[in-house]
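1. Here is the input, now give the coordinates:
(4 chains)
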Protein chains: 2
Amino acid sequence: MIILDYRDARPLYEQIVDKFQILILKGVLEPNAKMPSVRSLAVELSINPNTIQRAYSELERTGFIYTVKGRGNFVSYDEGLKQVRREEIFGRLDRLVLEAREAGITREELGERLFSGSGVSGQEEAAGQAQKGEGE
Amino acid sequence: MIILDYRDARPLYEQIVDKFQILILKGVLEPNAKMPSVRSLAVELSINPNTIQRAYSELERTGFIYTVKGRGNFVSYDEGLKQVRREEIFGRLDRLVLEAREAGITREELGERLFSGSGVSGQEEAAGQAQKGEGE
DNA sequence: TAAGTGTATTAATTACCATGGTACACTTAA
DNA sequence: TTAAGTGTACCATGGTAATTAATACACTTA
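-> Residues are numbered from 1 along each chain as shown, chains lettered A, B, ... in the order given. Next comes the predicted model:
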């Protein structure tokens, strides 16, 4: 379900948070679905349970999951979360643009790169979540 | 010439590397210009010479400066560097696009954000290199 | 009751960052 | 030649973050 990248400079718990955020936002993990237990996931990934615990705490703090003591952690997806993730990504884009400008790259050049990425430029997405609201 | 931000979570040497890369890429520091000596910059920034040394080593490793023992460090700007920097930034854009797609953000939405950033969308850049003067 | 769960705490380890200090080799100018 | 300024290479120290490790406790469920 989750694969760690030890070449990644970021802490393990942060990688775990990211992966689950994506799985939850994409609907792979449905609302109220049970998360792997702290101990079982620790065994599966061959890392310490404390690291999983830290990731789960972060996911709970940011509203992606909720906890029932003695029972486990569960997905608490709601539409607001998607907006949070979107804003985070837009923020990163803003910062990248600033850096690009300092390297002499214009917005136009970034735009060109943006749309040449995978050939596709028109209709995308809509796949993945399919059903549900989508909206926002 | 350089101002450190102690609220910044990044290491000091990394901040120094970044600032000089920008100064060099923007042409504020011209090719073959002498860099501040390790000791003098350390005094100016009130940090340890070893930290400056580390930053300079990184700048030399990445080709931004060259060293002459006993004489000092000098700017070794060439067009190739700018290209490398551009590619690095474009690469980051590519990865950001992938993450955005996973969050359900289309290229169009990214494009919109890209050009709404600071109102400006047309002529930019070309400013910055203007005169030079600056030069230590 | 036993097993599985989250949670909390403490200690130890490792890596990285930064400092402080010393020493050496080189270049330049007096 | 000498002195000053330069880069460079060490080493030891302290601080912090990430992670591991080992326990312990409280809860839920079968």
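2. distance between the ends of stretch A:69-79?
-> Its first and final residues considered, stretch A:69-79 spans 25 Å by Cα to Cα, to the nearest Å.
3. scratch that, stretch A:98-112 is what I was asking about
-> Span of stretch A:98-112 from end to end, Cα to Cα: 17 Å.
4. does the closest residue in space to residue A:64 that isn't next to it in sequence belong to a helix or a strand, and which?
-> Leaving aside its chain neighbours, residue A:64 sits nearest to residue A:24 (5.4 Å; criterion: Cβ to Cβ, 6 or more residues apart in numbering or on different chains). C-beta here means a position set from N, CA and C on the backbone, and glycine is covered the same way. Per DSSP states H and E, residue A:24 falls inside helix A:12-25.
5. Work out the gap between that helix and the centre of the chain.
-> Relative to its chain's centre, helix A:12-25 lies at 5 Å (Cα atoms, centre = their mean, to the nearest Å).
6. And the pLDDT at the residue nearest to residue A:64?
-> Residue A:24 carries a pLDDT score of 91 in this model.
7. Roughly how far does residue A:54 sit from residue A:41?
-> In this view, residue A:54 and residue A:41 are 12 Å apart by Cβ to Cβ, to the nearest Å.
8. When the two are compared, which one has more neighbours?
-> residue A:41 (21 against 18; other Cβ atoms under 10 Å in any protein chain shown).
9. Isn't the more buried one up against residue A:53?
-> No. Taking Cβ atoms under 8 Å as the definition, residue A:41 is not a contact partner of residue A:53, at 9.9 Å.
10. For the helix or strand of chain A with the lowest mean pLDDT, which helices and strands make contact with it?
-> When each helix and strand of chain A is scored by mean pLDDT, DSSP states H and E, helix A:79-102 comes last, with a mean of 89. Helix A:79-102 is packed against helix A:12-25, helix A:107-116, helix B:79-102, helix B:107-116, with contacts defined by 3 or more Cβ pairs under 8 Å, 6 or more residues apart in numbering or on different chains; DSSP states H and E.
11. Compare these and give me the one nearest DNA strand C.
-> helix A:12-25 (12.5 Å; Cβ to the nearest atom of the strand).
12. and the closest one with DNA strand D, contact?
-> Yes. Residues of helix A:12-25 contacting DNA strand D under Cβ under 7 Å from any atom of the strand: A:12-14.
13. And those, which is closest to DNA strand D?
-> Distances from DNA strand D to those, taken by Cβ to the nearest atom of the strand, are shortest for residue A:12, at 3.3 Å.
14. Spatially nearest residue to the closest one, not counting backbone neighbours?
-> Per Cβ to Cβ, 6+ apart, closest to residue A:12 is residue A:51, 5.3 Å.
15. tell me the pLDDT at the residue in chain A sticking out farthest from the centre?
-> Farthest-out residue of chain A from its mean C-alpha position, per Cα atoms, centre = their mean: residue A:104, at 30.6 Å. Reported pLDDT at residue A:104 in the predicted model: 87.
16. Helix, strand, or coil at it?
-> coil (DSSP: H, G, I helix; E, B strand; the rest coil).
17. what comes into contact with stretch A:64-81?
-> When contacts are defined by Cβ atoms under 8 Å, 6 or more residues apart in numbering or on different chains, stretch A:64-81 is touched by residues A:20-21, A:24-25, A:27, A:29-35, A:37-38, A:56, A:59-60, A:63, A:133, A:135-136.
18. are any of these buried, and which?
-> Neighbour-count burial (16 or more other Cβ atoms under 10 Å in any protein chain shown) applied to the contacts of stretch A:64-81 gives A:20-21, A:24-25, A:27, A:29, A:35, A:38, A:56, A:59.
19. farthest pair in those?
-> A:27 and A:38 (23.5 Å; Cβ to Cβ).
20. and chain A, what are its domains?
-> What the record gives for chain A is the domain set A:12-75, A:79-116, from automatic domain parsing.
21. buried stuff in the last one?
-> Think domain A:79-116. Quick answer for domain A:79-116 (16+ other Cβ under 10 Å): A:81-82, A:85-86, A:89-90, A:93, A:96-97, A:100-107, A:109-111, A:113-115.
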